[in-house]
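Engineer: Just the structure for this:
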Amino acid sequence: MLQHTVTLRQLFSLGVGTIVGVAWLIVLGDAMINAGPIGAILAFAIGAACMIPIALCYGELGGIMPQTGGEIVYAQKIFGDNAAYAAGVSLVVIYLINCVFFGVSVGWLANELVPGLKGPLLYTVLGNEVHAGSVGVGMVCAGLIAYVNYRGVKWATAFQDIATYTLIAAACLLVIAGLLFGSVENLQPFIKKTDWGWGWGGVLGVLATTPYFFGGFSTIPQALGELANKSDKKKIGHVINACIFFSLLFYSFVILAVGMVLPSGRLEEFELPIAAAFENAFSSPLAGNFVLVAGIGGLLAVWNALFFAATRALYAMGQRGLFHPDLSRLHSTAQSPVAAIAAVSLISIAGLFLGQGFLLPVVNMTSTLLAGMYLLVTLGLLKARAQRIGADALPPFVAPGGRLMILAGAFFSAYLVVLSLVQQSAAAGWRWPPEWSVLLGVLAVAFAFRIRELRRIKPASS
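Structural biologist: Here you go, the predicted model:
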């Protein structure tokens, strides 16, 4: 049995660490360039508001079914085994691919901090170079995260707390410095006008991406089976909403601070505008290096959270007869899912050799799968309420707003699925995008494995 030691605070650090872990360093600069500082804040605020109905649905289903596996559990109890298998495959792909992507990214950030660390060129993949040093850094970090998770949930959540709250503390220092030493005049223009979208095209473009930068709360359901206090399940919805609200404040203050210390016209000069802003503000490379160190810490936070979630999704699939039962095998003392941890570790390390050129289309594809999970949860709650699934007693947490709120969440989830597909097609020049080929390939492999598992299970049960 998995250990039951996870607290509400640790659920919060798991969600926030996943949401803001690395996006603040890599993405916010582009958002400010496209929409202006105030325009970017406005887009993130609207995006957060649109995510609230989805988060509330997660909170209600999580309270009814606080078990390891999250969407896998909901899908199995509401829609059946095939839907649960589809949800499990989607979650595993989302978490695994992003684990690999962050493993590659940590080598890139480390090289920005220590130039030359990337080492000699090994080869190129789709025009992107793969260097020995970057692979080595990724392997070391992957080994560290695997070891922490192998030692059990106490170690994994403690590591998550340290990484997340260190990042928050560092960001607070940067925000205070920006507000004290920056100038409001540098925020001009507040909102960058465009020749489309009635002049608000930049804001709309950023708005289209913001839901994915709040989606990290979906790692929280993977930890619910390890709650220390069963009564805490009535507060799951509040924790998820707190993660979204806090992350909005985090993004907004970082954007404001950066905008005040670096004029918007200069943001495009730098590959990492957030680090460059503070390096220029204090005329010291140490300030920029401080931001990079904080960025690496944040990256480790989101990587650890995704690694944790991937192992729990695989564990749940093995435990529920959706995949090989060995995946549910636990360590004799640490009670960690060792087989799942070994699988995620091996795939994460192997993926480091692919490079960013191969991974980018795959990462983009996961946005479609993530939106699909939102749709499954919102529609699942509608069906659960209609059929009174888990209605032996009043749910620990009841999402406010009734059926209308759930429908709003379902509508926005469906919109995100369509939007992700449209964006991928637009990026490919309205041709068949590589993301769609990857998605079809994943579906084909998943279908083949499902048929194999059904054939394996059938003789055993007959």
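Engineer: contacts, neighbours, all on C-alpha from now
Structural biologist: Will do.
Engineer: which element is the closest residue to P434 other than its chain neighbours on?
Structural biologist: Among residues not flanking P434 along the chain, P361 sits closest, at 6.3 Å (C-alpha to C-alpha, 6 or more residues apart in numbering). For P361, the enclosing helix or strand under DSSP states H and E is helix 355-386.
Engineer: how close does the most centrally placed residue in the chain get to F246?
Structural biologist: Geometric centre of the chain, nearest residue: G216, 3.8 Å, by C-alpha atoms, centre = their mean. Separation of G216 from F246 (C-alpha to C-alpha, to the nearest Å) stands at 13 Å.
Engineer: pretty sure A142 contacts L346?
Structural biologist: No. Counting by C-alpha atoms under 8 Å, L346 is not a contact partner of A142; they are 9.3 Å apart.
Engineer: Among those two, which residue is more densely surrounded?
Structural biologist: Legend: neighbour count by other C-alpha atoms under 10 Å for A142 and L346, higher for A142 (26 against 13).
Engineer: contacting residues for V104?
Structural biologist: 134-135, 138, 352, 355-356 (C-alpha atoms under 8 Å, 6 or more residues apart in numbering).
Engineer: and with 10 Å instead?
Structural biologist: Neighbouring residues of V104 by C-alpha atoms under 10 Å, 6 or more residues apart in numbering: 98, 130, 134-139, 348-349, 351-356, 359.
Engineer: Over to L109?
Structural biologist: For L109, the contact set (C-alpha under 10 Å, 6+ apart) comprises 115, 117-118, 134, 272, 292-293, 295-296, 299.
Engineer: likewise A45?
Structural biologist: So A45 contacts 39, 51, 207, 210, 244-245, 248-249, 251-252 (C-alpha under 10 Å, 6+ apart).
Engineer: Out of those, which is nearest to F411?
Structural biologist: F411 lies nearest to M51 out of those, by C-alpha to C-alpha, at 11.2 Å.
Engineer: Skipping adjacent residues, who's closest to the closest one in space?
Structural biologist: Among residues not flanking M51 along the chain, P211 sits closest, at 6.6 Å (C-alpha to C-alpha, 6+ apart).
Engineer: Verify the stated contact: the one you found with A55.
Structural biologist: No. The pair P211 / A55 is not scored as a contact, 11.3 Å apart, by C-alpha atoms under 10 Å.
Engineer: Could you check which of those two has the larger neighbour count?
Structural biologist: Shown here are P211 and A55; by other C-alpha under 10 Å, A55 has more neighbours (28 against 23).
Engineer: in what helix or strand does that one lie?
Structural biologist: Assigned by DSSP H and E, A55 falls in helix 37-64.
Engineer: helices or strands up against the helix or strand following that helix?
Structural biologist: Heading C-terminal from helix 37-64, the first helix or strand you meet, by DSSP H and E, is helix 71-78. On a contact count with 3 or more C-alpha pairs under 10 Å, 6 or more residues apart in numbering; DSSP states H and E, helix 71-78 meets helix 37-64, helix 81-113, helix 285-319, helix 355-386.
Engineer: chain center to the first one, what's the gap?
Structural biologist: What it means is helix 37-64. Offset of helix 37-64 from its chain centre (C-alpha atoms, centre = their mean, to the nearest Å): 14 Å.
Engineer: for it, what is the average pLDDT?
Structural biologist: Averaging pLDDT along helix 37-64 gives 91.
Engineer: List the buried residues in that helix.
Structural biologist: 37-45, 47-48, 50-64 (16 or more other C-alpha atoms under 10 Å).
Engineer: The residue nearest to the centre of the chain - that's part of a helix, no?
Structural biologist: Yes. G216: assigned to a helix according to DSSP: H, G, I helix; E, B strand; the rest coil.
Engineer: wait, what's in contact with it?
Structural biologist: With C-alpha under 10 Å, 6+ apart, G216 has these contacts: 14-21, 240, 243-244, 302, 305-306, 370.
Engineer: residues in contact with the lowest-mean-pLDDT helix or strand in the chain?
Structural biologist: Lowest by mean pLDDT, DSSP states H and E among the helices and strands of the chain is helix 23-26, with a mean of 72. With contacts defined as C-alpha under 10 Å, 6+ apart, helix 23-26 is touched by 29, 171, 213-214, 247, 250-252, 254-255, 271-275, 291-292, 294-296, 298-299, 302.
Engineer: Could you rerun that using 7 Å?
Structural biologist: With C-alpha atoms under 7 Å, 6 or more residues apart in numbering as the test, helix 23-26 has contacts from 213, 251, 272, 274, 295.
Engineer: Which ones among the residues you listed lie within helices?
Structural biologist: Members of the contacts of helix 23-26 lying in helices (criterion: DSSP state H): 213, 251, 274, 295.
Engineer: quick one: which of those residues is nearest to Q423?
Structural biologist: F213 (15.8 Å).
Engineer: burial count for the closest one?
Structural biologist: Using other C-alpha under 10 Å, F213 has 22 other residues around it.
Engineer: coming back round to it: could you turn the buried ones of the contacts of L109 into a ChimeraX selection?
Structural biologist: Applied in ChimeraX, the following selects the buried portion of the contacts of L109 according to 16+ other C-alpha under 10 Å:
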select :117,118,134,272,292,293,295,296,299
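Engineer: In CSV, list the contacts of L109 along with pLDDT.
Structural biologist: Formatted as CSV, those follow (pLDDT from 0 to 100):
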residue, pLDDT
P115, 87
L117, 89
K118, 89
S134, 90
L272, 76
L292, 85
V293, 87
G295, 84
I296, 87
L299, 87
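Engineer: which one of the contacts of L109 is nearest L227?
Structural biologist: L227 lies nearest to L299 out of the contacts of L109, by C-alpha to C-alpha, at 24.9 Å.
Engineer: so S134 touches G107, yeah?
Structural biologist: Yes. Using C-alpha atoms under 7 Å, S134 makes contact with G107 at a distance of 4.2 Å.
Engineer: And the nearest residue to V6 once chain neighbours are set aside, how far from N34?
Structural biologist: In space, and not counting its chain neighbours, V6 is closest to L227: 4.6 Å by C-alpha to C-alpha, 6+ apart. Look at L227 and N34: by C-alpha to C-alpha, they are 41 Å apart.
Engineer: Pull the contacting residues for A309.
Structural biologist: By C-alpha under 7 Å, 6+ apart, the contact list for A309 reads 95, 219, 222.
Engineer: still on that earlier bit, got the angle for the helix holding P361 vs helix 37-64?
Structural biologist: Helix 355-386 and helix 37-64 are oriented at 50 degrees to each other (axes from the mean of the first three to the mean of the last three C-alpha atoms, to 10 degrees).
Engineer: Show me what the next helix or strand after helix 355-386 packs onto, helices and strands only.
Structural biologist: Once the chain leaves helix 355-386, the next helix or strand it forms, by DSSP H and E, is helix 402-427. Applying 3 or more C-alpha pairs under 7 Å, 6 or more residues apart in numbering; DSSP states H and E, we find helix 402-427 packed against helix 37-64, helix 355-386.
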